[in-house]
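Q: requesting a structural model of the entry that follows:
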Amino acid sequence: MEAFTRQGSQVRTLHRPPYKSKCCRRTGESRFFRNCTLTATAWRYRMTSPLFCPLEPAWGDVATWVSGIATLLTAGLAIYLAKRPERIRLKAQAGFYLLLGTDTVGDPPEILSVTATNVGLRRTTIKQISIRTGLMKRGPWRHRFALIPNWVGAFSSPLPMALADGDSGSWNMAMEPGRPFVARLVTDGFVRSWVDVWTFRFGIHTGHGGNLYIKPSSDFRKALSEALRGKQ
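A: Below you'll find the predicted structure:
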């Protein structure tokens, strides 16, 4: 507030509030407050109250927002933990392996193996194994799918196969010398470019409608690249 005293025709100001409050001096703002848009009433109130500065946050409102966000996150976490036992959780891997301990003469046979383990609490059934390539649903690099029905052998699990918590299934395919299965992926036109090699995936399909696509091992992708290079 300003206090005035009159001496004859002169008006002398006894106290005049500063044009800059503490926050304005700290941020280097001018007295016209170029970075803030204030109404005339707010501007007059600011000039008469050094405690008000629109650049400083209203910590009461910030605390309310933080409390609301924390409550929302807590509710979301509670819902996630409640539904977690109902989720089907599988861990899988695919690649080339050597089959040791057999009575074959010479080098041990090589197999292509896809293994899946149920690490969740819910029981599920593996219905089919497939392969997929491509980046998107539409366009020049759209997805292409194919089923692999010939998972047979003494060491291969049947299809379909039920997996309880902790159970595993392994589906194996014998690889002949030269890996003709990999070569046919290229000659039949399923793998056409390096994009198909990069996006190649094995798919595991469950009886609950779930699909798990896994990336094969590096030696499988290397074999695909060599077969594609040999065709070109």
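
Q: in a helix, that's where Leu81 is, yeah?
A: Yes - applying DSSP: H, G, I helix; E, B strand; the rest coil, one finds Leu81 inside a helix.

Q: avg pLDDT for the helix or strand containing Arg132?
A: Using DSSP states H and E, the element containing Arg132 is strand 124-133. In this model, strand 124-133 has a mean pLDDT of 92.

Q: which neighbours does that strand have in its sheet, and in what orientation?
A: strand 144-147 (antiparallel), strand 161-163 (antiparallel), strand 201-206 (antiparallel) (DSSP bridges).

Q: what does the model give Pro177 for pLDDT?
A: Looking at Pro177, the pLDDT reads 84.

Q: tabulate the strands paired with strand 124-133 (TSV), appending mean pLDDT, distance to Met136 and mean neighbour count.
A: The way it works is simple: take the backbone N, C-alpha and C, and place the C-beta from them, glycine included. Shown next, in TSV, are these (pLDDT from 0 to 100; distance: least, CB to CB, whole Å; neighbours: other CB atoms under 10 Å):
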stretch	mean pLDDT	distance to Met136	mean neighbour count
strand 144-147	90	11	12
strand 161-163	91	31	17
strand 201-206	94	14	20
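
Q: and Gly169, which of the ones you listed is closest to it?
A: Nearest of the strands paired with strand 124-133 to Gly169, taken as CB to CB: strand 161-163 at 4.8 Å.

Q: count the residues that sit near Phe220.
A: Counted by other CB atoms under 10 Å, the residues lying close to Phe220 total 19.

Q: about what we covered before: let's have the strands paired with strand 124-133 in TSV, adding distance to Ser193.
A: Shown next, in TSV, are the strands paired with strand 124-133 (distance: least, CB to CB, whole Å):
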stretch	distance to Ser193
strand 144-147	12
strand 161-163	34
strand 201-206	16
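
Q: quick one: closest of the ones you listed to Leu121.
A: strand 161-163 (12.0 Å).

Q: what's the angle between the following helix or strand past the closest one and strand 201-206?
A: Next along the chain after strand 161-163, taking DSSP H and E as the criterion, comes strand 168-175. In terms of direction (axes from the mean of the first three to the mean of the last three CA atoms, to 10 degrees), strand 168-175 departs from strand 201-206 by 140 degrees.

Q: show me what the strand holding Arg132 is in contact with.
A: The contact list for strand 124-133, computed with CB atoms under 8 Å, 6 or more residues apart in numbering, reads 88, 90, 114, 116, 118, 143-148, 151, 159-163, 169, 171, 185, 190-191, 196, 199-208, 210, 213.

Q: please repeat the previous calculation with a cut-off of 6 Å.
A: 88, 114, 143-148, 160-163, 169, 171, 196, 199-203, 205-208 (CB atoms under 6 Å, 6 or more residues apart in numbering).

Q: now do stretch 208-218
A: Ile88, Leu90, Ala92, Ala94, Gly95, Thr124, Arg201, Phe202, Gly203, Ile204, His205.
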